[in-house]
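Undergrad: A structural model of the following input is requested.
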Amino acid sequence: MARRRRSGRREGEKIAVILSGGNPQIAKADGDAPVQAYIAAMPGWKRDLGKRLDALIARNVPKLRKAVKWNSPLYGIEGQGWFLSFHVFTRYVKVAFFRGASLRPLPPGASKSKDTRYIDIREGDELDEAQMATWVKQAAALPGFLGPRP
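TA: As a prediction, the model looks like this:
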């Protein structure tokens, strides 16, 4: 049985590197485990938000596919592409809807990409779970982002 150290980690357990702005650096991988590792490494109040977002997405999207790529968790549907990601910044968590311009109502944050829309969630903000669930369901029904082209 692995012993726990004072830090709460198990002996030999890897620690996620935290990049500038507080974003965890997790190795690129498919599946729930790397997404959970990313969420566990999110600092402070952002970790609880990450858990809430992950649970909300999983509740509302059957046959959900998860991965960590580009130092962010991605959510998608097999064969359809990625529809959502989030990323940690110093003062907020940015949720990206890759086809957000097609969502109603429109998520508030504009992007350089005409298709992508964002919502920034700051400490103390009330997460409107009903609205987020509506956006997640709409986004999951659209063709998703397939990744950068070679």
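Undergrad: what distance separates the start and the end of stretch 58-75?
TA: Stretch 58-75 has an end-to-end distance of 9 Å (CA to CA, to the nearest Å).
Undergrad: what average pLDDT does that stretch get?
TA: Stretch 58-75 carries an average pLDDT of 96.
Undergrad: right, and residue 56 touches residue 137 too?
TA: No. Between residue 56 and residue 137 there is no contact under CB atoms under 8 Å: 10.5 Å. For the C-beta atoms, the positions are set from N, CA and C on the backbone; glycine is no exception.
Undergrad: put the alpha carbons of stretch 19-26 into CSV.
TA: Extracted C-alpha coordinates of stretch 19-26, given in CSV (Å, rounded to 0.1, in the frame of the first residue of the first chain):
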residue,chain,number,x,y,z
LEU,A,19,1.9,26.8,-16.1
SER,A,20,1.6,30.6,-16.0
GLY,A,21,-1.9,31.6,-15.2
GLY,A,22,-2.4,28.5,-13.2
ASN,A,23,-3.2,26.2,-16.1
PRO,A,24,-2.2,22.5,-15.3
GLN,A,25,0.1,20.8,-17.8
ILE,A,26,-1.2,17.3,-18.2
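Undergrad: so what touches it?
TA: 16-18, 34, 37-38, 41-43, 46, 68, 71-72, 87-90 (CB atoms under 8 Å, 6 or more residues apart in numbering).
Undergrad: show me the helices in this protein, by range?
TA: 32-41, 45-60, 129-140 (DSSP state H).
Undergrad: indicate which one of those is closest to residue 79.
TA: Residue 79 lies closest, by CB to CB, to one member of the helices of the chain: helix 129-140, at 12.6 Å.
Undergrad: what are the buried residues along that closest one?
TA: Neighbour counts over helix 129-140 (16 or more other CB atoms under 10 Å) mark 132, 135-136, 138-140 as buried.
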